[in-house]
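Student: Sequence and predicted structure, then a few things I'm wondering about:
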Amino acid sequence: MLFEQLGLIEPILKAIKNEGYTTPTPIQQQSIPIVLEGKDLLGCAQTGTGKTAAFAIPILQLLYNSKPATQGFKHIRTLILTPTRELATQIDESFGAYGKYTGLKHDVIFGGVPQHRQTIALRNGTDILIATPGRLLDLMNQGYIYLSHLEMFVLDEADRMLDMGFINDIKKVIRELPQQRQTLFFSATMPPSIAQLANSLLYKPEKVTITPVSTTAERVEQSVYFVKKKDKQSLLDHILKDKRIERTIVFTQTKHGADRIAKNLKKRNINADALHGDKSQASRQNTLNNFKNGRLRVLVATDIAARGIDVDALEHVINYDLPNVSETYVHRIGRTGRAGAAGYALSFCDTEERPYLHSINKLTRQVIPSVPHPFEEAAIMEANAVNPDMPKAEPRRPKPRNRKKGQVDKRDRTF
């Protein structure tokens, strides 16, 4: 199927063609017609499935084809609520790209920066507002934002919203929404708490589910490195000696850990920087731009800060720390192997993290193969000493296979 077959108007078709889009992804193909019909939508899709375009494109068309409900002052017609500043900025950029020929106005507001420019934009009126919960409620309380004339509401990354403790903020926003509206609800996972929230928001919704959370990208080659905690930095240095790793995200559990790892990499003349919530908005945006433009080889990030990062041609993801929530692992490695490209997900696992690895294997219904490395023996000895009953972590020993002279097997990679 092509975008032309979805009944899109010429200004939007022209814009997405400029972006190089020809074929909609599964979530776009299923969601766009539902939204264009004016129905509520419950979408379950993980990172990298094209979710933003799935709601941005039909919203732009609906707003373009309908006149504002009121005359005079231009009220906010659509609100997109999203958890992080980075994701809010990316959604705003997407609306700018897809709607460049529609004449519709869009603005983004988030915390961590002075509010003056944001309030000026709101006073001038906007069709589409992309916001994070904290700054939205702040400006609502100050009288800069009224939602009584809202036509469409999008709650994006609902599961991450709850993880970040935004549930009470979301409920406060919901109380200000008009009863007559179209609501689009997106979440990568659908635990009971998310399902309950969706039921309170949606009216007879159509459901679209793409790539269950337990499914990992087919073209992502996964591997685990059993390593002592104190040897993780040395192992990372060892892996990054491979120049074929041109750009990678390294995931860590803590902000302090991200800073420490990035500092150590810089000492070894590796272009690296940390991304986490304690940095200023300007610093975070500068780091992201440097990574996207290829000026940074390594981005060391926490999960919350990295949510929504979309980087073309990212081949490698490294889990310096394994996540204690199995679904987070799926989200992390989903940043590579996109659009049919190959990808590699490397995970470090120390003794304390072995239960996390077990949970990940159980969720994804597979056993991630281990890889031999210079620090492996010490890690296995430590694991067996801590728990003698634990099966020994045998490294993967790939069988040799015939190949033509000079041909390189991808399993010969040092990582």
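Tutor: Looks like it arrived, so ask away.
Student: Tell me where the model's unsure across the stretch 251-400 of the chain.
Tutor: Along the stretch 251-400 of the chain, the model assigns pLDDT under 70 to residues 281, 304-310, 312, 338-341, 378-380, 382-400.
Student: okay, now residue 139: neighbour count?
Tutor: For residue 139, the count of nearby residues is 18 (other Cβ atoms under 10 Å). To be clear about C-beta, it is placed using only N, CA and C from the backbone, and glycine gets the same treatment.
Student: And it, its phi and psi?
Tutor: Backbone dihedrals for residue 139, given as degrees, to the nearest 10, come out at phi -70, psi -30.
Student: Just the element for the closest residue to it other than its chain neighbours, please.
Tutor: If the residues on either side of it in the chain are set aside, residue 139 comes closest to residue 145, at 4.9 Å by Cβ to Cβ, 6 or more residues apart in numbering. Taking DSSP states H and E as the criterion, no element holds residue 145; it sits outside all helices and strands.
Student: what's the burial count for residue 369?
Tutor: Neighbours of residue 369 under the rule other Cβ under 10 Å: 14.
Student: what's the distance between it and residue 224?
Tutor: According to Cβ to Cβ, to the nearest Å, residue 369 and residue 224 sit 7 Å apart.
Student: Might one say that residue 13 is in contact with residue 4?
Tutor: Yes. In this structure, residue 13 sits in contact with residue 4. The criterion is Cβ atoms under 8 Å, and the distance is 6.4 Å.
Student: Give me the buried stretch members for stretch 353-370, please.
Tutor: Residues 353, 354, 356, 357, 359, 360, 363, 364, 368, 370 are the ones in stretch 353-370 that count as buried (16 or more other Cβ atoms under 10 Å).
Student: gap between it and the chain center?
Tutor: Relative to the mean C-alpha coordinate of its chain, stretch 353-370 is positioned 21 Å out (Cα atoms, centre = their mean, to the nearest Å).
Student: Extract the C-alpha set from it and format it as CSV.
Tutor: Extracted C-alpha coordinates of stretch 353-370, given in CSV (Å, rounded to 0.1, in the frame of the first residue of the first chain):
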residue,chain,number,x,y,z
GLU,A,353,22.0,-8.7,37.0
ARG,A,354,21.7,-12.4,36.2
PRO,A,355,18.0,-12.4,37.4
TYR,A,356,17.3,-9.4,35.1
LEU,A,357,18.7,-11.4,32.2
HIS,A,358,16.6,-14.4,33.1
SER,A,359,13.5,-12.2,33.1
ILE,A,360,14.4,-10.7,29.7
ASN,A,361,14.9,-14.2,28.2
LYS,A,362,11.6,-15.3,29.6
LEU,A,363,9.8,-12.2,28.2
THR,A,364,11.3,-12.5,24.7
ARG,A,365,11.1,-16.3,24.7
GLN,A,366,14.7,-16.8,23.7
VAL,A,367,18.1,-17.3,25.3
ILE,A,368,20.4,-14.5,24.4
PRO,A,369,23.8,-16.0,23.4
SER,A,370,26.9,-15.1,25.4
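Student: Now stretch 184-193: average pLDDT?
Tutor: Averaging the model's pLDDT scores along stretch 184-193 yields 86.
Student: residues in contact with it?
Tutor: Taking contacts as Cβ atoms under 8 Å, 6 or more residues apart in numbering, the residues outside stretch 184-193 that touch it are 35, 40-47, 51, 55, 152-160, 162, 194, 197-198, 201-202, 205, 213, 327, 331.
Student: And that stretch, end to end?
Tutor: Between the opening and closing residues of stretch 184-193 there is a gap of 17 Å (Cα to Cα, to the nearest Å).
Student: returning to what we had before: out of the contacts of stretch 184-193, name the ones that lie in helices.
Tutor: Secondary-structure check on those using DSSP state H: residues within helices are 35, 51, 55, 158-160, 162, 194, 197-198, 201, 327, 331.
Student: Quick check, pLDDT for residue 126.
Tutor: The predicted local distance difference test score for residue 126 is 90.
Student: That one touches residue 78, doesn't it?
Tutor: No. Residue 126 sits out of contact with residue 78 when judged by Cβ under 8 Å, with a separation of 9.2 Å.
Student: More neighbours: which of the two?
Tutor: Neighbours were tallied for residue 126 and for residue 78 using other Cβ under 10 Å; the higher tally belongs to residue 78 (26 against 21).
Student: tell me the contacts of the more buried one?
Tutor: Taking Cβ under 8 Å, 6+ apart as the definition of contact, the neighbours of residue 78 are 59, 63, 127, 128, 129, 150, 151, 152, 153, 154.
Student: Thanks a lot, see you next time.
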